[in-house]
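> Build me a model:
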Amino acid sequence: MAYLGLIPTFFAILSLKKRSPMSKFFLITAIASIILTLNSSLSRFFYTLPIPVISAEAPSRFFMLTTFSLAVLAGLGFDIWLRNKNFREFKVPTIIFSAIVFLLLIITFVIYQIKLPCPSVEIPQCRLISLRNTILESGVFTCLLILFTGKFFFKSTSKLWPYLIIAVVIVSGLYNSYKFLPFSPRENIMPDHEVINAIKTHTKDGRVLGIGNAGLTANLATYYRFFDPNYYEPLHIKRYAELIQYANTGAINNLSRSDVNITNEATVSADLNSRRERLFQILSIKYLLYQKSGETKSDNIVWQNDKWLLEKNNLALPKSYSVNKYTVEKDNKKSLKLLFSPDFAADKEVILREKPDIILTEASETPSFLVFTDTYYPGWSAYIDGKKTKIYEANYALRAVVVPGGVHDIRMVYEPDSFKLGIIITGLFFIVWILILLKTRLASKSR
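Predicted coordinates for the structure are as follows:
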């Protein structure tokens, strides 16, 4: 969940030597963030507090603050090292840290030799990878020490070595960032796979969901850029999460703190299957991926090989469709109950949270609702023939707009006020920073 590297860790420890207010602050932040990731009564209470971001965040994401704080400490330590002219100042911490690194290397080698099983079956070679990475980091750290001593004893390297250290850190960082996790081979997580290629080729006009053993994680869809109804983000949209949870359980209690995933078991109860099919319909889940259990023949199969098949779901609605009937329901539970009711005709009517100021009829030249199977969220704007129009919250978490009779050009544009406000604030503080910089420069020249 978190990774820093030996070299930045070494410099982070050196930063504590100066004990400046900044180093103390980021040390406290790093320790506090680690404590909040531990499964304890204190951390559980903290995450129940109604604090924005934190109340919806997965606890492991707090390691972001840990690595950021340690990175700042590493920068402070590196600065101390650059300014110091005496090798003896760093002799004791260097020896202690080197001994710890050597001990870790020995432990990693022993664990590899005794063939201790990996905790994750998805990464069967984790011990070998750990040993390889530890040797790599240890070798890089040894090179750092050689350059470090060379800085004091060979004046020709005193100006060059800091740039070499920075280059080494960047190269080792890029090596690990090329993989999903430092201890996992890249091909285990993001393979050039026949199934993935088939999905990318055949599902460009609809969303796809894997059923049973053919389950697909949402981060895979993000990387390969195909449409997936699951939500890979801890700060998910609450109403969309409630929609998915109701389809999964028939209730909207105890929302997930992290990713939002549709139940994808191959065998489910009749009630769950009914709700899931309705969800497939209103979310335009047009393709389903299965693991083959025998020879399968169907007119809906768009691709298959000896193990997997990709099937078209004919019940799925288009990504946008027109209806001439609506129902207004503000109560969340009643709205969801109606949406998943067998009597609700999703292809002919829509459920709204507020009453529109229009009258709908069956005539083609009168207004109708254009429903989008995309999430409703503040910041989206709709334009009909270049004129902005209101977006209604439809089918609990989706969007709809009123369209006049006839042929029109309709555009959906994401233009949130938060982005505009962010640009303004950034611009103002940039101007302030320039003025402070100029004032400092002028004051320095006058002295």
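
> low-confidence ranges in the stretch 1-150 of the chain?
1, 56-57, 85-87, 121-122, 147-150 (pLDDT under 70).

> For it, which segments count as helices?
Remark: helices assigned in the stretch 1-150 of the chain by DSSP state H, counting those that start in this stretch are 6-15, 21-35, 41-48, 63-83, 91-113, 126-153.

> Just name the most buried of these.
Of all the helices of the stretch 1-150 of the chain, helix 6-15 carries the top mean neighbour count, a mean of 22, counting by mean count of other CB atoms under 10 Å. Quick note: C-beta positions are derived from backbone N, CA and C, even for glycine.

> List the contacts of it.
If you take CB atoms under 8 Å, 6 or more residues apart in numbering as the criterion, helix 6-15 is touched by 4, 23, 70-71, 73-78, 80-81, 90, 93-94, 97, 101, 137-138, 140-141, 144, 165, 168-169, 172.

> cutoff 7 Å now
23, 70-71, 73-74, 76-78, 80-81, 90, 93, 97, 101, 137, 140-141, 144, 169 (CB atoms under 7 Å, 6 or more residues apart in numbering).

> surely residue 108 meets residue 135?
No: the pair residue 108 / residue 135 is not scored as a contact, 8.4 Å apart, by CB atoms under 7 Å.

> what does the model give residue 187 for pLDDT?
If you check residue 187, the pLDDT there is 65.

> Apologies, that question was intended for residue 232.
With respect to pLDDT, residue 232 scores 74.

> Phi first, then psi, for it.
The phi and psi values for residue 232, taken as degrees, to the nearest 10, are phi -100, psi 80.

> Could you pull up the residues touching it?
Residue 232 sits in contact with 218-219, 222, 259, where contact means CB under 7 Å, 6+ apart.

> Would you map the strands across the chain?
All strands of the chain, identified by DSSP state E, fall at 207-210, 285-291, 301-304, 308-312, 320-323, 325-328, 349-352, 368-375, 380-384, 387-389, 392-394, 398-403, 410-414.

> need the helices for the stretch 151-300 of the chain, in chain order.
Assigned by DSSP H, counting those that start in this stretch, the stretch 151-300 of the chain shows helices spanning 161-177, 186-189, 194-202, 218-224, 238-249, 270-282.

> mean confidence score for the third one?
Per-region confidence: helix 194-202 scores 91 on mean pLDDT.

> now it against strand 308-312, angle please.
Here helix 194-202 points in a direction 20 degrees away from that of strand 308-312 (axes from the mean of the first three to the mean of the last three CA atoms, to 10 degrees).

> Show residues contacting helix 194-202.
Outside helix 194-202, the residues that touch it by CB under 7 Å, 6+ apart are 208, 224, 226, 302-303, 305, 308, 310.

> how many neighbours does residue 164 have?
14 (other CB atoms under 10 Å).

> Tell me the spacing between the nearest residue to residue 54 once chain neighbours are set aside and residue 259.
With CB to CB, 6 or more residues apart in numbering as the criterion, residue 54 has its nearest non-adjacent residue at 6.6 Å, and that residue is residue 47. Residue 47 sits at a distance of 16 Å from residue 259 (criterion: CB to CB, to the nearest Å).

> number of nearby residues for residue 168?
Counted with other CB under 10 Å, the burial measure for residue 168 works out to 16 neighbours.

> returning to what we had before: can I get the helices of the stretch 1-150 of the chain in JSON lines with distance to residue 194?
Putting the helices of the stretch 1-150 of the chain into JSON lines (distance: least, CB to CB, whole Å) gives the following:
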{"stretch": "helix 6-15", "distance to residue 194": "39"}
{"stretch": "helix 21-35", "distance to residue 194": "41"}
{"stretch": "helix 41-48", "distance to residue 194": "41"}
{"stretch": "helix 63-83", "distance to residue 194": "35"}
{"stretch": "helix 91-113", "distance to residue 194": "33"}
{"stretch": "helix 126-153", "distance to residue 194": "25"}
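
> Indicate which one of these is closest to residue 276.
Set against residue 276 and scored by CB to CB, the helices of the stretch 1-150 of the chain come closest in helix 41-48, at 29.7 Å.

> Setting aside sequence neighbours, what's the nearest residue to residue 69?
Take residue 69 and drop its neighbours on the chain: the residue closest to it by CB to CB, 6+ apart is residue 30, 3.9 Å away.

> For that neighbour, give me its contacts.
66, 69-70.

> I'd like to know which of the residues you listed is nearest to residue 358.
Using CB to CB, residue 66 comes nearest to residue 358 of the contacts of residue 30, at 53.3 Å.

> Please report how far the closest one lies from residue 5.
Taking CB to CB, one finds residue 66 at 13 Å from residue 5.

> max-length helix in this structure?
Longest helix in the chain by number of residues, with DSSP state H as the criterion: helix 417-446.

> buried residues in that one?
Residues of helix 417-446 classed as buried: none (neighbour count, 16 or more other CB atoms under 10 Å).

> Quick check: the gap between the spatially most central residue of the chain and residue 317.
When the chain is reduced to its mean C-alpha position, the closest residue under CA atoms, centre = their mean turns out to be residue 233, at 4.6 Å. Going from residue 233 to residue 317 by CB to CB gives 24 Å.

> Over to residue 173?
Distance, residue 173 to residue 317, by CB to CB: 45 Å.

> And residue 354, by the same measure?
Using CB to CB, we find residue 354 at a distance of 22 Å from residue 317.

> Those two: who's more crowded?
residue 317 (19 against 10).

> right, and that one touches residue 281 too?
Yes: here residue 317 reaches residue 281: they are 5.6 Å apart, a contact under CB under 7 Å.

> Which neighbours do the two have in common?
Taking CB under 7 Å, 6+ apart as the criterion, residue 317 and residue 281 both touch residue 346.

> Angles on the backbone of residue 317, please.
phi -80, psi 160.

> Quick one: residues contacting it.
Neighbouring residues of residue 317 by CB under 7 Å, 6+ apart: 281-282, 284, 346-347, 373.

> Now with 8 Å, please.
281-282, 284, 346-347, 371, 373.

> Export those residues as TSV, with columns for distance to residue 334.
Below are the contacts of residue 317 laid out as TSV (distance: CB to CB, whole Å):
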residue	distance to residue 334
281	20
282	17
284	24
346	17
347	21
371	19
373	22
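
> Redo these as TSV? Include distance to residue 439 and neighbour count.
Listed next are the contacts of residue 317 as TSV, based on distance: CB to CB, whole Å; neighbours: other CB atoms under 10 Å:
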residue	distance to residue 439	neighbour count
281	63	16
282	59	25
284	57	22
346	63	18
347	66	14
371	57	27
373	55	23
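
> want to throw those residues into JSON lines with pLDDT?
Listed next are those as JSON lines, based on pLDDT from 0 to 100:
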{"residue": "281", "pLDDT": "96"}
{"residue": "282", "pLDDT": "97"}
{"residue": "284", "pLDDT": "95"}
{"residue": "346", "pLDDT": "95"}
{"residue": "347", "pLDDT": "94"}
{"residue": "371", "pLDDT": "96"}
{"residue": "373", "pLDDT": "95"}
